[in-house]
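Engineer: A predicted structure for the sequence below; I have some questions about it.
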Amino acid sequence: MLRRKIVPAVKKTVSRISVNIEYAKTALNSKFTSRSYSMEALAATRLDRFEKSMESLYGSFSNIKDPEKWTPPPNSGGHHGRYLWTDAFGVVNFLTLHQEHSKIAAAAGSASASGSSPGPGINIADKYLILARRLVETVHDILGRTRDGKARLPGATDENPLGGGLRIGKLDETGVDGDGQYHHYLTIWMFALNRMSLATGDPTYNRQAVALAQAIHPRFFVNRTSTRPRMVWKMSMDLATPLVPSEGNLDPIDGYVVYRLLQASAMAMISCGSGNMGSDKGKVLDEEIADYKRVMERKGEHFVSADTLDLGMTLWTCHWFSDREKWASKLAERCFQQIYELFEIDRYLARNIKYRLAFREFGTCLGIGCHYGKSADAERSIDLRTYSDSIIESWEPYMALSLRGDGDLLADDLRPITRVMYSSALIPGG
């Protein structure tokens with residue numbers, strides 16, 4: 001059981017966390033700012049902090065008078081201001097804001113939650129659906145085109161704008177860290193489109209996700225039709241050349257799970273008469289799903305990494321089926337044991353925060369958050385929440401500094417991804 005050592009371990013790390021927090025609190029009221037700073041900011045509700053972090057990337061939401069005319073500011077940290085991973089989480093976070101404000105409105109017995117009016121005929125909650133749509137459209141228009149913006153990516157057309165995939169959005173065009181296409185970024189974007197369909201009731205987004213899935217899938221496979229196919233990590237912008245031929249640890253499972261989610265939605269839309277995807281009855285990704293399954297079988301038992309982001313995303317991926325499929329429940333169990341080793345045996349939270357990466361740890365929080373309440377073991381659920389809360393608490397003062405702009409432990413190039421992942425860690429959505 002995870003609970004057996006949590007109390008002594010947490011006690012041993014409290015002093016280090018407290019030192020870190022006190023340092024940041026001092027900074028908030030010292031030379032980093034000439035103004036007094038209320039520490040009430042650190043005690044703000046999770047929704048308040050979630051919104052503030054999102055606004056640091058996408059601008060003040062209260063100042064958006066007409067969401068339909070909103071253009072996402074170029075703050076996502078990539079080429080022309082767009083980065084696929086960051087904006088995929090941005091879309092899902094907008095849907096979370098829609099959900100949270102809908103709850104507020106329902107509790108208040110009003111069609112509009114608190115806040116300034118977003119425009120005539122639009123309530124506060126629905127504003128976030130429009131912002132999510134505008135972000136989707138902007139990403140497709142920028143990352144679905146060549147870097148100069150003059151043409152769609154090869155394979156894309158006006159009828160199928162995602163037929164050429166979506167660029168990562170790297171700042172450099174070439175080189176070791178140059179632009180291209182990542183499978184795991186593309187599957188996260190497919191997921192965001194799928195959630196758009198579920199949130200809006202519009203099947204268009206899931207159709208786009210399916211089209212993207214079909215377009216990129218064969219490009220990331222080697223010996224696809226064999227009994228032992230494998231995948232590549234990174235492809236060129238035109239999907240013609242492997243840039244990193246090694247196989248990503250999570251890519252096969254990501255594909256297997258996300259493609260199944262897309263297909264399930266397509267089938268549901270067919271059954272309710274809104275899919276319009278032909279006579280296949282929604283089973284549009286059967287071949288692709290079978291490919292991922294063969295890769296998973298070839299690789300055998302999935303390697304569970306101690307990297308905090310990889311660990312968190314593995315938890316996120318397997319949680320979709322962990323309550324009904326053995327492979328997923330076994331994988332979740334191994335992730336839980338890795339979390340225990342990381343936080344209790346390796347004393348991860350006692351490490352100097354200067355040598356940790358916030359956005360990767362927020363990935364762990366996201367993965368843990370997806371399993372709240374799923375475990376029949378009440379003590380385990382408590383432990384998982386404690387780990388997640390401890391991560392967020394250790395970074396909270398630094399995030400307050402970063403969002404205020406009075407000093408920042410975050411590297412410039414990691415600031416956007418850190419802020420969007422911080423929101424997702426506070427309130428896991430989707």
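Structural biologist: Good, I have the coordinates.

Engineer: contacts, neighbours, all on C-alpha from now
Structural biologist: Noted.

Engineer: just checking, S424 is part of a strand?
Structural biologist: No - under DSSP: H, G, I helix; E, B strand; the rest coil, S424 falls outside any strand and is assigned helix.

Engineer: And the contacts of stretch 242-262?
Structural biologist: Identification of contacts with stretch 242-262 by CA atoms under 8 Å, 6 or more residues apart in numbering yields 180, 183-184, 187, 190-191, 194, 206, 209-210, 213, 220, 230-236, 285, 288-289, 292-293, 295-296, 302-303, 310, 314, 317-318, 320.

Engineer: Take these and keep only those in helices.
Structural biologist: Among the contacts of stretch 242-262, the members found in helices (DSSP state H) are 183-184, 187, 190-191, 194, 206, 209-210, 213, 288-289, 292-293, 295-296, 310, 314, 317-318.

Engineer: by contact count, what packs against the host helix or strand of L403?
Structural biologist: L403 is part of helix 378-404 when elements are defined by DSSP states H and E. Judged by 3 or more CA pairs under 8 Å, 6 or more residues apart in numbering; DSSP states H and E, helix 378-404 is in contact with helix 6-28, helix 46-58, helix 358-369.

Engineer: Worst mean pLDDT among those helices?
Structural biologist: When the helices and strands packed on helix 378-404 are compared on mean pLDDT, helix 6-28 scores lowest, with a mean of 39.

Engineer: how about the strands in the stretch 51-200 of the chain?
Structural biologist: Along the stretch 51-200 of the chain, counting by DSSP state E, counting those that start in this stretch, strands occupy 181-182.

Engineer: Quick test: name the residue nearest the centre of the chain.
Structural biologist: For the chain, F89 is the residue whose C-alpha lies nearest the centre (CA atoms, centre = their mean; 4.0 Å).

Engineer: Surely it touches V420?
Structural biologist: Yes - look at F89 against V420 with CA atoms under 8 Å: they come within range, at 6.5 Å.

Engineer: that older thread, return the distance of the residue nearest to the centre of the chain relative to Q263.
Structural biologist: Counting by CA to CA, to the nearest Å, the gap from F89 to Q263 is 21 Å.

Engineer: How about W85?
Structural biologist: Applying CA to CA to W85 and Q263 gives a distance of 22 Å.

Engineer: same thing with S102?
Structural biologist: Note on S102: its distance to Q263, by CA to CA, is 28 Å.

Engineer: Between those two, which has more neighbouring residues?
Structural biologist: Counted by other CA atoms under 10 Å, S102 and Q263 do not tie: Q263 has more neighbours, with 24 against 20.

Engineer: what's the distance between S265 and M190?
Structural biologist: Distance from S265 to M190, by CA to CA: 12 Å.

Engineer: quick one: which of these two has more around it?
Structural biologist: The neighbour count for S265 versus M190, taken as other CA under 10 Å, is higher for M190 (27 against 22).

Engineer: Mind pulling up the pLDDT for the more buried one?
Structural biologist: Taking M190 on its own, its pLDDT is 99.

Engineer: I'd assumed A215 was in contact with it.
Structural biologist: No - look at M190 against A215 with CA under 8 Å: they stay out of range, at 11.8 Å.

Engineer: okay, now the domains of the protein?
Structural biologist: With automatic domain parsing as the criterion, the domains of the chain are listed as 1-43+318-430, 175-300.

Engineer: Ok, which of those domains comes nearest K52?
Structural biologist: Ranking the domains of the chain by proximity to K52 (CA to CA) places domain 1-43+318-430 first, at 7.6 Å.

Engineer: Figure out the helix or strand that V258 lives in.
Structural biologist: V258 belongs to helix 251-271, assigned by DSSP H and E.

Engineer: Which parts of the stretch 101-250 of the chain are helices?
Structural biologist: In the stretch 101-250 of the chain, the helices defined using DSSP state H, counting those that start in this stretch lie at 124-143, 183-200, 204-216.

Engineer: Just the mean pLDDT for the longest one, thanks.
Structural biologist: Averaging the model's pLDDT scores along helix 124-143 yields 96.

Engineer: In that helix, which of the residues would be classed as buried?
Structural biologist: Using 16 or more other CA atoms under 10 Å as the burial criterion, the residues of helix 124-143 that qualify are 124-136, 138-143.

Engineer: tell me what that helix is packed against?
Structural biologist: The contact analysis (3+ CA pairs under 8 Å, 6+ apart) places helix 124-143 against helix 84-108, helix 183-200.

Engineer: Let's see that with 6 Å instead.
Structural biologist: Secondary-structure packing of helix 124-143 (3 or more CA pairs under 6 Å, 6 or more residues apart in numbering; DSSP states H and E): helix 84-108.

Engineer: So which bits of the helix it packs on are buried?
Structural biologist: By neighbour count on 16+ other CA under 10 Å, the buried set for helix 84-108 is 84-102, 104-105.

Engineer: Can you list the low-confidence ranges for the stretch 201-350 of the chain?
Structural biologist: Filtered on pLDDT under 70, the stretch 201-350 of the chain yields the residue ranges 273-282.

Engineer: Could the C-alpha coordinates of the helix holding V258 be exported in CSV?
Structural biologist: Extracted as CSV, the C-alpha positions of helix 251-271 are listed here (Å, rounded to 0.1, in the frame of the first residue of the first chain):
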residue,chain,number,x,y,z
ASP,A,251,3.4,7.0,-28.5
PRO,A,252,1.9,3.5,-29.1
ILE,A,253,-0.3,3.7,-26.0
ASP,A,254,-1.3,7.3,-26.7
GLY,A,255,-2.4,6.4,-30.2
TYR,A,256,-4.2,3.3,-29.0
VAL,A,257,-6.2,5.2,-26.4
VAL,A,258,-6.9,8.5,-28.2
TYR,A,259,-7.8,6.8,-31.5
ARG,A,260,-10.3,4.6,-29.6
LEU,A,261,-11.8,7.7,-28.0
LEU,A,262,-12.2,9.3,-31.4
GLN,A,263,-13.8,6.2,-32.9
ALA,A,264,-16.2,5.8,-29.9
SER,A,265,-17.3,9.4,-30.4
ALA,A,266,-17.7,8.8,-34.2
MET,A,267,-19.9,5.7,-33.5
ALA,A,268,-22.0,7.6,-31.0
MET,A,269,-22.5,10.4,-33.4
ILE,A,270,-23.6,8.0,-36.1
SER,A,271,-26.1,6.4,-33.7
